[in-house]
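A.B. asks: Quick one: sequence plus predicted model below, questions after.
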Amino acid sequence: NIVHVEMSVVESVLSFSVIEYPESIQFSVGDGRGDKFLRISGLINDINIVFQSLGYTGKVGSNGMTDIINLVAWSDDAPALNALGQVQIIVTNTENNAPIIKYERASYAIDEGCH
């Protein structure tokens, strides 16, 4: 059975890290590389293989932002596979920043009081 899946994201982009797509996979909207909206079709097992590599890339500076991923799936041959869903996510960090080491110079005061 061929399954069709539409995904969209409100604030950022979605990508698949698959090097070579299974033969049945076809994109009718987007290409799986930084899309806000995509439509993909293929055999259910191939769709699942591709979706194992799904990645979300948030916008720079979007820490703490709320985003929504919408998902619709359907099959012309098997209506029981039809599904609709929405996932709300909170972006906690969009950059893999290297640690910052700060050295703060200590200041000392010398008291030259009487003994």
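C.D. replies: Structure's in. What do you need?

A.B. asks: Neighbours of the closest residue to Pro22 other than its chain neighbours, how many?
C.D. replies: Spatial nearest neighbour of Pro22, chain neighbours left out: Asp46 (3.8 Å); criterion: C-beta to C-beta, 6 or more residues apart in numbering. C-beta coordinates here come from the backbone N, C-alpha and C atoms, glycine included. Applying other C-beta atoms under 10 Å, we find 18 residues neighbouring Asp46.

A.B. asks: after whichever strand or helix holds Asp46, next one along is what?
C.D. replies: Element membership of Asp46 [criterion: DSSP states H and E] is helix 44-51. The first helix or strand that comes after helix 44-51 along the chain, using DSSP H and E, is strand 54-57.

A.B. asks: which other residues reach that following strand?
C.D. replies: Val9, Ser12, Val13, Leu14, Ser15, Phe16, Ser17, Gly34, Asp67, Ile69, Ile89, Thr94 (C-beta atoms under 8 Å, 6 or more residues apart in numbering).
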